[in-house]
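Enquirer: After the sequence you'll find the predicted model.
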Amino acid sequence: MSLIVQKFGGTSVADPERIMNVAKRVAKTYDQGNDVVVILSAMAGVTDGLIAMARKVSESPDNRELDVLLATGEQTTCALLAMNLKSMNYPAQSLMGHQVEVMTDHCFGNARILDIKADRIRELLEKRHIVVVAGFQGCDPDGNITTLGRGGSDTSAVAIAAAVKADVCEIYTDVDGIYTADPNICPKARKLDTISYDEMLNMASLGAKVLQIRSVGFAKKYKIPVHVRSSFSEEEGTMVVDENSGMERLVVSGVTHDTNQARITLKKVPDQPGVAAKIFSPMASAGIVVDMIIQNTRAEGQTDLTFTVPRNDFKKALKLQKEVAADIGAEEVFGDQNIAKISVIGVGMKDHSGVASTMFAALANENINITMISTSEIRISCVIEEKYAELAVRVLHTAFGLDTRE
Ligand code: ADP
Ligand code: ASP
Ligand code: MG
């Protein structure tokens with residue numbers, strides 16, 4: 001007998017019929033003698049719909065009230081699943097984030113989990129109940145409802161799995177595992193049997209939304225085996241595990257694309273100490289996450305500086321940088337929202353050379369221009385024009401020998 005956490009994403013609970021299918025799967029796991037904690041997302045599209053509704057009544061919705069609103073999506077699915085399980089004569093109970101004491105910081109809309117008490121989950125499990133917990137939500141030390149950022153139910157699931165010391169955390173979604181690239185845009189993508197926490201951390205941070213990045217951080221820290229699989233089949237999915245657990249060691253194990261970025265350039269910035277701090281401090285104060293940064297040295301004591309920000313923050317960032325440019329005497333500020341960041345990832349890169357040149361040659365072959373490059377031990381990222389994003393993923397997938405063998 002095991003303690004299993006099962007998380008079902010939006011498409012898996014998209015309507016009452018699918019919720020009833022989830023109930024059958026949960027009941028089967030329970031009937032096999034396992035203890036089961038279920039974490040649910042809102043129905044597909046509901047979170048987006050709630051955000052759109054909030055924007056109808058307020059141009060810039062209050063962050064606290066927005067979280068109160070968004071948390072209702074997960075409340076609905078949990079109540080429906082617990083109700084359905086009870087009507088099938090299973091002892092089930094739904095719990096919201098605050099009832100499980102998912103304690104977070106105050107950052108509405110993107111709160112971080114600080115601690116999970118989970119006493120009520122343990123008490124219910126003792127009584128052999130199925131516990132159904134709302135994902136994506138927690139509460140801050142003042143008792144306010146908070147939400148964990150888009151895709152946050154994954155993080156709820158893994159963090160709760162860590163809190164109750166589950167044997168495995170199963171993430172049920174609309175694809176049957178983690179692939180070498182997004183299978184919805186790269187038909188030749190291959191399903192991986194295993195992937196290391198570090199590779200998955202990179203893939204998640206570089207655009208693969210199949211797992212929210214913070215969920216992978218929790219999994220790595222608490223060594224929770226995460227099994228990503230389809231809610232529509234019985235097939236085994238992909239295990240996210242420790243690097244040393246006998247996994248296949250590919251040079252490149254994945255290609256990702258991220259089209260949620262925008263680029264800002266400051267031209268002819270005075271090349272003096274303290275200037276970079278003046279450019280980036282206002283971004284940090286505004287809570288804008290700056291990603292890639294490049295600076296060119298120029299002969300006349302001036303330099304150009306380019307960086308990327310999340311596309312949602314583009315307008316705010318551009319406005320701030322116009323103020324900075326006036327202050328530091330930079331000549332011009334301009335931006336571009338039509339960019340994509342394409343990355344190749346693999347732990348095997350650590351001891352292989354030539355990965356960067358293969359990547360650049362493959363893009364050049366298709367006449368795709370690279371405007372920014374950044375590297376780490378296990379990944380290389382290039383910024384290109386957005387319209388080439390999907391082509392670039394497919395081309396790199398082939399170039400690194402990842403295509404399905406026919
Ligand atoms: P859920 O609603 O179940 O949380 P998401 O839409 O958040 O599901 O995540 C699943 C989606 O992630 C897939 O439909 C797929 O398009 C996308 N995805 C991106 N990269 C990958 C990848 N490398 N492997 C699998 N899925 C990926
Ligand atoms: N419902 C939330 C979202 O759409 C959380 C989640 O599904 O993980 O982002
Ligand atoms: Mg998701």
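Expert: Arrived safely, thanks for sending. Numbers count the residues shown, from 1 in each chain. Ligands and ions are numbered 1, 2, ... in the order given.
Enquirer: quick one: the helices in the chain?
Expert: Assigned by DSSP state H, the chain shows helices spanning 16-31, 46-57, 63-87, 97-100, 119-126, 153-163, 197-205, 213-222, 275-285, 314-328, 355-365, 389-399.
Enquirer: can you redo those as a markdown table with distance to residue 8, mean neighbour count and mean pLDDT?
Expert: C-beta: built from backbone N, CA, C; applies to glycine. Putting those into a markdown table (distance: least, CB to CB, whole Å; neighbours: other CB atoms under 10 Å; pLDDT from 0 to 100) gives the following:
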| stretch | distance to residue 8 | mean neighbour count | mean pLDDT |
| --- | --- | --- | --- |
| helix 16-31 | 5 | 17 | 98 |
| helix 46-57 | 14 | 14 | 97 |
| helix 63-87 | 8 | 20 | 98 |
| helix 97-100 | 16 | 22 | 98 |
| helix 119-126 | 17 | 15 | 98 |
| helix 153-163 | 8 | 29 | 98 |
| helix 197-205 | 19 | 23 | 92 |
| helix 213-222 | 14 | 21 | 97 |
| helix 275-285 | 36 | 15 | 94 |
| helix 314-328 | 33 | 16 | 95 |
| helix 355-365 | 36 | 16 | 96 |
| helix 389-399 | 27 | 20 | 97 |
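Enquirer: and these as TSV, adding distance to residue 302?
Expert: Formatted as TSV, those follow (distance: least, CB to CB, whole Å):
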stretch	distance to residue 302
helix 16-31	59
helix 46-57	41
helix 63-87	39
helix 97-100	51
helix 119-126	59
helix 153-163	44
helix 197-205	33
helix 213-222	37
helix 275-285	10
helix 314-328	11
helix 355-365	28
helix 389-399	32
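Enquirer: Tabulate the ones you listed (CSV), appending distance to ligand 3.
Expert: Shown next, in CSV, are those (distance: least, CB to the ion, whole Å):
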stretch, distance to ligand 3
helix 16-31, 15
helix 46-57, 10
helix 63-87, 12
helix 97-100, 17
helix 119-126, 22
helix 153-163, 6
helix 197-205, 10
helix 213-222, 9
helix 275-285, 27
helix 314-328, 23
helix 355-365, 28
helix 389-399, 19
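Enquirer: Adding distance to ligand 2 as columns, could you present those in a markdown table?
Expert: Listed next are the helices of the chain as a markdown table, based on distance: least, CB to the nearest ligand atom, whole Å:
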| stretch | distance to ligand 2 |
| --- | --- |
| helix 16-31 | 14 |
| helix 46-57 | 4 |
| helix 63-87 | 5 |
| helix 97-100 | 12 |
| helix 119-126 | 19 |
| helix 153-163 | 3 |
| helix 197-205 | 13 |
| helix 213-222 | 9 |
| helix 275-285 | 24 |
| helix 314-328 | 20 |
| helix 355-365 | 31 |
| helix 389-399 | 22 |
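Enquirer: Any idea which of the ones you listed gets closest to residue 371?
Expert: helix 355-365 (11.2 Å; CB to CB).
Enquirer: got the angle for the closest one vs helix 389-399?
Expert: 130 degrees (axes from the mean of the first three to the mean of the last three CA atoms, to 10 degrees).
Enquirer: Could you pull up the residues touching residue 160?
Expert: By CB atoms under 8 Å, 6 or more residues apart in numbering, the contact set of residue 160 is 5, 37, 39, 100, 102, 116, 118, 121, 133, 166.
Enquirer: What residues does the closest residue in space to the first one that isn't next to it in sequence make contact with?
Expert: The spatial neighbour of residue 5 that comes closest, neighbours along the chain excluded (CB to CB, 6 or more residues apart in numbering), is residue 161 at 4.1 Å. Neighbour list for residue 161: 5, 37, 168-169, 222, 224 [criterion: CB under 8 Å, 6+ apart].
Enquirer: Can I get the buried ones among the residues you listed as something I can paste into PyMOL?
Expert: If you want just the buried ones from these in PyMOL, going by 16 or more other CB atoms under 10 Å, the selection is:
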select buried, resi 5+37+168+169+224
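Enquirer: Return the member of the contacts of residue 161 nearest to residue 76.
Expert: Nearest to residue 76, judged by CB to CB, of the contacts of residue 161 is residue 37 at 18.8 Å.
Enquirer: any idea how far residue 315 is from that closest one?
Expert: To residue 315, residue 37 is 41 Å away according to CB to CB, to the nearest Å.
Enquirer: Would you mind confirming that residue 40 is in contact with residue 81?
Expert: Yes. Between residue 40 and residue 81 there is a contact at 6.3 Å, judged by CB atoms under 8 Å.
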